[in-house]
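**Student:** when you get a sec, could you give me coordinates for this:
(4 chains)
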There are 4 protein chains.
Amino acid sequence: MKNSFGTALTVTLFGESHGEEIGAVADGFAPGIPIDEDYIASRLAQRRPTDGLSTARHEPDEYRIVSGVKDGYTTGAPLTVLIPNTDTRSGDYAETDGIARPSHADYTAYCKYHGYEDRRGGGHFSGRLTAPLVVLGAIAATALVERGVTIGTHIARLAGISDRGFGEDLQEDIDFLADCPFPVLDTASGSAMRDAILRARAEGDSVGGVLETAVTGLVAGVGEPWFDGVESVLARALWGIPAVKGIEFGGGFAMCDRRGSEVNDAFFMGEDAPETRTNFSGGIQGGITNGMPLLFRVGIKPTPTIAKEQETVNFLTETETRVTFGGRHDPAIVHRARAVVDAVTALVLCDLLAGRYGTDYLAEG
Amino acid sequence: MKNSFGTALTVTLFGESHGEEIGAVADGFAPGIPIDEDYIASRLAQRRPTDGLSTARHEPDEYRIVSGVKDGYTTGAPLTVLIPNTDTRSGDYAETDGIARPSHADYTAYCKYHGYEDRRGGGHFSGRLTAPLVVLGAIAATALVERGVTIGTHIARLAGISDRGFGEDLQEDIDFLADCPFPVLDTASGSAMRDAILRARAEGDSVGGVLETAVTGLVAGVGEPWFDGVESVLARALWGIPAVKGIEFGGGFAMCDRRGSEVNDAFFMGEDAPETRTNFSGGIQGGITNGMPLLFRVGIKPTPTIAKEQETVNFLTETETRVTFGGRHDPAIVHRARAVVDAVTALVLCDLLAGRYGTDYLAEG
Amino acid sequence: MKNSFGTALTVTLFGESHGEEIGAVADGFAPGIPIDEDYIASRLAQRRPTDGLSTARHEPDEYRIVSGVKDGYTTGAPLTVLIPNTDTRSGDYAETDGIARPSHADYTAYCKYHGYEDRRGGGHFSGRLTAPLVVLGAIAATALVERGVTIGTHIARLAGISDRGFGEDLQEDIDFLADCPFPVLDTASGSAMRDAILRARAEGDSVGGVLETAVTGLVAGVGEPWFDGVESVLARALWGIPAVKGIEFGGGFAMCDRRGSEVNDAFFMGEDAPETRTNFSGGIQGGITNGMPLLFRVGIKPTPTIAKEQETVNFLTETETRVTFGGRHDPAIVHRARAVVDAVTALVLCDLLAGRYGTDYLAEG
Amino acid sequence: MKNSFGTALTVTLFGESHGEEIGAVADGFAPGIPIDEDYIASRLAQRRPTDGLSTARHEPDEYRIVSGVKDGYTTGAPLTVLIPNTDTRSGDYAETDGIARPSHADYTAYCKYHGYEDRRGGGHFSGRLTAPLVVLGAIAATALVERGVTIGTHIARLAGISDRGFGEDLQEDIDFLADCPFPVLDTASGSAMRDAILRARAEGDSVGGVLETAVTGLVAGVGEPWFDGVESVLARALWGIPAVKGIEFGGGFAMCDRRGSEVNDAFFMGEDAPETRTNFSGGIQGGITNGMPLLFRVGIKPTPTIAKEQETVNFLTETETRVTFGGRHDPAIVHRARAVVDAVTALVLCDLLAGRYGTDYLAEG
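**Tutor:** Now for the predicted structure:
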């Protein structure tokens, strides 16, 4: 399955930046999950270009759910979300046809699809396709909340500026982030990050960063050994998000420089079950949840579309050329990617829980 | 598929540390790949505990291929490799039954399998199960070499000590690494790393590190958009390797702190096709290879089994306790994990190439 | 994957009889397959209720391809076809809510989805969902024709009336069937079948029958041993078509009453390769094509919706009741199912060929 | 996955007739299923060549379970069963190398594997590979029995001789069949069938037949719509069994000649839930179980290996030749195939139930 992820809950993505509609099918939602339109809208808003921080295409994200929902609840049949492309302006792209935007997928798409690919605006590779994922992810998150599972993501670092880490009261942090359009835990860090974005924009450049995600409320015993461990399935799906360059769980790369005695997670008897004093394992051991919060970080590269002149080639004419992108683009997508990371995480967790406890599990509440 | 990865070439892993046999089935090898026993032996040797650097279990790794091979060539039918467990000494484990080794999978296995799991020596979660992967990976690598694809991995960092990066002549570095039992590019760094391992061992502790892998010779256009991109499928499979805590491609996390203008890969016209001046993309754009070398790094945590006393619980008796591991164990597995990373990479690349060019592709040479 | 079939080419079906849109996504079409709108229209016409033989819902089947096609060719990205539901008349169904139509999926859907299912008009189980399959199948058939593969299906039996079997010149028969709205090889049999349908309709009853399909031009060596043999993958997909009660390949059930010496297919040297004198194997041995025509039959039960009064229950109220369906319905769907069998067959063959020869194979012509 | 079936419970088959070992891996068994060695042995005995009715290879079927079982219970990790090949006598086959046995897979294997295939005794296509399936199926059946699900198969027809159908007391019939080595419900029919087999053997010929299977105790609501319906998944797996030429559910092909009013299954209120007066649906509507017994029939062709002289080709030399098989072979495998049909059915049902109710479901009792 090329454009799909998930086993018990399978998500398939389709569409092109300048095609008629983009969308996704989720096959495997339990029947009876409520469709919370306000919540979906709030998550879509978090993915949308932020006023002041973006010069990118503004689309209303008016989605339609055309199957799998009746009377405000999932039916259990495949749920399809469609979003029409309205503000397509293909004219922007016609004269640059064949020019490989550096660090975009234009050239690789050409290598794979032999010129039949839709090249306008990144075509099928456009980050715009993450919008339907956010709709599906909001539905998944609604199901998870009923089972006590919550997900929160903040910008751990942007343009080299760090937010504070998750605090002692992790649930409070997650709840706080839910309504943040620019998700940082420390206000001062947030201001510095916004300034860095504006500065990059003014200079025709872009910045990247790192998102950090925490999940609370997951029972112990979810996930499979080896190649369907929680890390494996999450990483596979998260790496589908454009611009991801690194993923680490728990202590991540930093703990690889330390000694076992420093980063082993000592167990003690918690109220109901064993818990660990530290969480370098990120809530997972042997691919399976241990009841501690799930913790991971996703590195997002600086947006490759920049206004500065760049050296490149036109692969249709096989000539060298130079490009300067005057059109709309984002000086940063880290804060926008957060809604997508949350969405993919929610969908993957629903998949894992449905695989573990059966397809009805998520609707039982 | 729980213990499997791959679509056109599917690998399924089975066995327990102290069971009768461990093994793996590879379904989808092209017919006609030669079985190079010397090469398989050399890769198994690289995975084996290194004299002087290890106190771990020494097994001869005497494997048998019981299906899918005839007259020294793959037949195209499922290829099964078996390795008997001989040096099992279950007595080591009996008296510690129910004690959760910190940062091991003992407790999560119990949560998932309700006590039916084989707990001896980590059971199904034991790193020992990577041995059959190495056999299969060596067969995959043989097929790849015939198509001009080579894979090399070095220890980029161990206990905080860095090796030099891959050099201008990447192929030379890859060829050099092929025969290194302790794979570093800079001899002095290698000595320092070995000293760090011995020091950790002497102190009953362990160290971790980072492996860096390069792949040359991959044609452009391999991989799928979104969730079956090269990063996604590699990450999914690599995260099956025990102790992996982070994966990054190309410029990785570090490039997320920089600006787009600094890390975009400018194209120019190479001899036959477009190439890029830098390779922050790690040879992949939009999930698809661009003809440049594939580059990624895998973070390996310090071995969790250490001789120092640790706080933990017995999950069977639900009591707190303390553990000290006097038995055999490794003060580092980073250098041994290298053969496994190479193997998994080779298998994933065969899968991708077979999916792209058909199941016969790899044997056509 | 619940509502999907195929590995290299995956088709996912969605929608409900009275929902907003029905549709399907095909992920894995080679880039460069031409979209032949006339041909698609002709296949949709063959699936549509036939004037005179049907009282069923007439919908224009106005489909839109909203992704995966550009400038008249497939791009290689997921191709999504949507068909809006216009003539929905849910009023027909409201007052019968909870009444299990005998031999329909109303009750089983309720058992599975706990009442959240869309019950109007069969909901997600409606035969109407086969329309997008026909669109996708027509695209697949276009690709196959370029590789010399043609598919033809006739009504081998309807209401117990038999058509003649495929003749010596199989290709001629297949070509003849291409434009038959009521696909029979013998005109007299066709008239008798039409009469039987009209008679059943007049009596408020329905009839079933058997479709026979032949495929020419398939190379030898396609398919996999055991559970991905050609029979396995075709049967799995064909059994998704509503009303299928039996599938047989080659000599089928009848040859099971005979002796080996009578039904073994003797080989002889044909012009280019070995051929068989008879074709009881249906073109497949050990799950793999042998170069002879593929032959199979699919049994289609009489349409369960009939005008006669029937005994049943209301599963919502858990009471017994009687039903008489006055609304639109088909006295036979055998002839209409033919376009669906052809479509599914074409999609499965594209999947098998893409798996065998790589994803580009089908577009190379 | 080529040699695999199942999603929540995946079975992968490997080995060759004359290889070192044949075997299978089942990944997804719930932890805690008891291993009943006597029951496994009894099922293997039913698959073994029957004294008097067979001249085929006699192997002890000494299986070893080398992973996934501890202390007599499944652990939840992949369960691997191995059976060594002892009585291989490859000498039988050497001089006939390249001769395509009519209606065997020799030639198609050659087309697919280009001569690298193991051709001895049918190689990977040998019916001998069904033995490990029987071991796994017996474990699955043990799990099902604890949930009230029982499976029984009889020879509905052999050499054209019919057994009586399943009777009013279906459970009694299923229980009766459990211990029948030659599974027929009517003793006289059984004698006639045995005579027909002996007669065919005496004449160097073979006979085929039809197996009929019933499953009781399945809850309503199991299975998925469209392409993962119970028929689809069962048919896919059953068609992996060598010699299967047809599959039909419930009323099958015969009901396709009748009218809707005759074969619709009227509902009435049973003690606990709706039931149907007849069972032409075979316990399935819309791919989902309705709580009635599952009913299907599998057509098994006459064994293709016969002693009579047959016309054929040698595909290595591309010459025509004639063959007479003097070696061991079966004049009928219908009765032996019964254990395999039961096994595959049990494994598929465990897969469906695990998918529906979670991986622990089958062990909860």
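**Student:** so residue A:200 touches residue A:161, yeah?
**Tutor:** No: the pair formed by residue A:200 and residue A:161 falls short of the contact definition of C-beta atoms under 8 Å, at 12.0 Å. Using the backbone N, CA and C atoms, a C-beta is placed for each residue, glycine as well.
**Student:** please list the residues of the stretch 101-250 of chain A that sit near chain C.
**Tutor:** Residues of the stretch 101-250 of chain A found near chain C (C-beta under 8 Å from any C-beta of the partner chain) are A:112-114, A:116-118, A:123-124.
**Student:** so residue A:165 sits in a helix?
**Tutor:** No: when DSSP: H, G, I helix; E, B strand; the rest coil is applied, residue A:165 is found to be coil, with no helix at that position.
**Student:** how close does the residue in the stretch 251-365 of chain A that chain B sits nearest to sit to chain C?
**Tutor:** Of the stretch 251-365 of chain A, the residue with the smallest distance to chain B, taken as C-beta to the nearest C-beta, is residue A:286 at 2.5 Å. Per C-beta to the nearest C-beta, to the nearest Å, residue A:286 is found 27 Å from chain C.
**Student:** could you find the closest non-adjacent residue to that residue?
**Tutor:** Closest residue to residue A:286 apart from its sequence neighbours, by C-beta to C-beta, 6 or more residues apart in numbering or on different chains: residue B:105 at 2.5 Å.
**Student:** quick one: residues contacting the one you found.
**Tutor:** Contact partners of residue B:105, counting by C-beta atoms under 8 Å, 6 or more residues apart in numbering or on different chains, are A:225, A:285-288, B:122, B:125.
**Student:** on that earlier part again, any idea which of the residues of the stretch 101-250 of chain A next to chain C is closest to residue B:151?
**Tutor:** Sorting these by distance to residue B:151 puts residue A:112 at the head of the list, at 21.8 Å, by C-beta to C-beta.
**Student:** tell me the secondary structure for that closest one?
**Tutor:** helix.
**Student:** now swap in residue A:262 and tell me
**Tutor:** For residue A:262, the secondary structure call by three-state DSSP comes out as helix.
**Student:** are any of the contacts of residue B:105 buried, and which?
**Tutor:** Of all these considered here, the ones buried according to neighbour count by 16 or more other C-beta atoms under 10 Å in any protein chain shown are A:225, A:285-288, B:122, B:125.
**Student:** from these, which single one is nearest residue D:53?
**Tutor:** Here the nearest of those to residue D:53, counting by C-beta to C-beta, is residue A:225; it sits at 44.5 Å.
**Student:** for chain B, what's its nearest residue on the stretch 1-150 of chain A.
**Tutor:** For the stretch 1-150 of chain A, the nearest residue to chain B under the criterion C-beta to the nearest C-beta is residue A:105, separated by 2.4 Å.
**Student:** any idea how far that residue is from residue D:148?
**Tutor:** Distance, residue A:105 to residue D:148, by C-beta to C-beta, to the nearest Å: 53 Å.
**Student:** can you check residue A:180 too?
**Tutor:** Noted for residue A:180: a distance of 52 Å to residue D:148, by C-beta to C-beta.
**Student:** who's more crowded, those two?
**Tutor:** Here residue A:180 and residue D:148 are set side by side on neighbour count (other C-beta atoms under 10 Å in any protein chain shown), and the busier one is residue A:180, at 17 against 11.
**Student:** of the buried ones among the contacts of residue B:105, closest to chain D?
**Tutor:** Each of the buried ones among the contacts of residue B:105 was scored against chain D by C-beta to the nearest C-beta, and residue A:225 proved nearest at 7.0 Å.
**Student:** show the contacting residues for that closest one.
**Tutor:** For residue A:225, the residues meeting the contact criterion (C-beta under 8 Å, 6+ apart) are A:286-288, B:2-3, B:105, B:109, B:124-125, D:77.
**Student:** in CSV: those, plus secondary structure and pLDDT.
**Tutor:** As requested, the contacts of residue A:225 are arranged in CSV below (DSSP: H, G, I helix; E, B strand; the rest coil; pLDDT from 0 to 100):
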residue, secondary structure, pLDDT
A:286, coil, 97
A:287, coil, 97
A:288, strand, 98
B:2, coil, 84
B:3, coil, 96
B:105, coil, 97
B:109, helix, 97
B:124, helix, 96
B:125, helix, 96
D:77, coil, 97
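**Student:** within range of chain D, give me the residues from the stretch 201-350 of chain A.
**Tutor:** Proximity of the stretch 201-350 of chain A to chain D (C-beta under 8 Å from any C-beta) is limited to residues residue A:225.
**Student:** helices along the stretch 201-350 of chain A, start to end?
**Tutor:** Along the stretch 201-350 of chain A, the stretches classed as helices by DSSP state H, counting those that start in this stretch are A:230-238, A:252-255, A:260-263, A:334-357.
**Student:** ok, the residue of the stretch 251-365 of chain A closest to chain B to residue D:76 distance?
**Tutor:** For residue A:286, the distance to residue D:76 (C-beta to C-beta) stands at 13 Å.
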